[in-house]
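Chemist: Below are the sequence and a predicted model for it; my questions follow.
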Amino acid sequence: MPRKRPPAGFYAESLAPEDRADLDQASAVHGLDQEIAVLRLRLRRLLAEHPDDFALTVRSIELLVRAVNAAGRAVAEDEQDVLDRLSNGLGGILELLAETNEGSRV
């Protein structure tokens with residue numbers, strides 16, 4: 001089943017006019033790959049610009065780890081959904097084959 005996107009109007013009112021134009025494009029992005037890439041770039045910049053800020057580095061790494069874990073769970077859920085749909089579809093085919101096989105034995 002395709003995922004429903006939130007209506008752009010719900011968030012659009014709270015956005016700056018320059019961000020409203022990008023809302024539809026942002027809504028089309030699925031998964032967390034781009035967000036994880038941005039977090040990695042920000043962490044790299046943080047390490048270069050503030051190498052002694054241990055607390056901020058740890059918080060940034062924790063956020064990155066949570067995002068990666070969330071992405072992994074989302075993929076697992078999507079894979080399980082695909083497997084469930086395939087299983088349901090094959091179940092119907094397997095039932096038809098079983099009926100055909102039983103009919104040929106009679």
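Modeler: Ah, there it is.

Chemist: what's around E49, how many residues?
Modeler: E49 has 8 neighbouring residues, counting by other CB atoms under 10 Å. C-beta coordinates here come from the backbone N, C-alpha and C atoms, glycine included.

Chemist: gap between it and R42?
Modeler: E49 sits 10 Å away from R42, going by CB to CB, to the nearest Å.

Chemist: cool, and H50?
Modeler: From H50 to R42 the distance is 11 Å (CB to CB).

Chemist: swap in Q25?
Modeler: 21 Å.

Chemist: quick one, which of these two is more surrounded?
Modeler: Neighbours per residue (other CB under 10 Å) separate Q25 from R42, with R42 holding more: 13 against 8.

Chemist: and the residue nearest to that one when sequence neighbours are not counted, what does it touch?
Modeler: Residue nearest to R42 in three dimensions, not counting chain neighbours: S60, with 6.8 Å by CB to CB, 6 or more residues apart in numbering. By CB atoms under 8 Å, 6 or more residues apart in numbering, the residues touching S60 are L39, R42, L43, L46.
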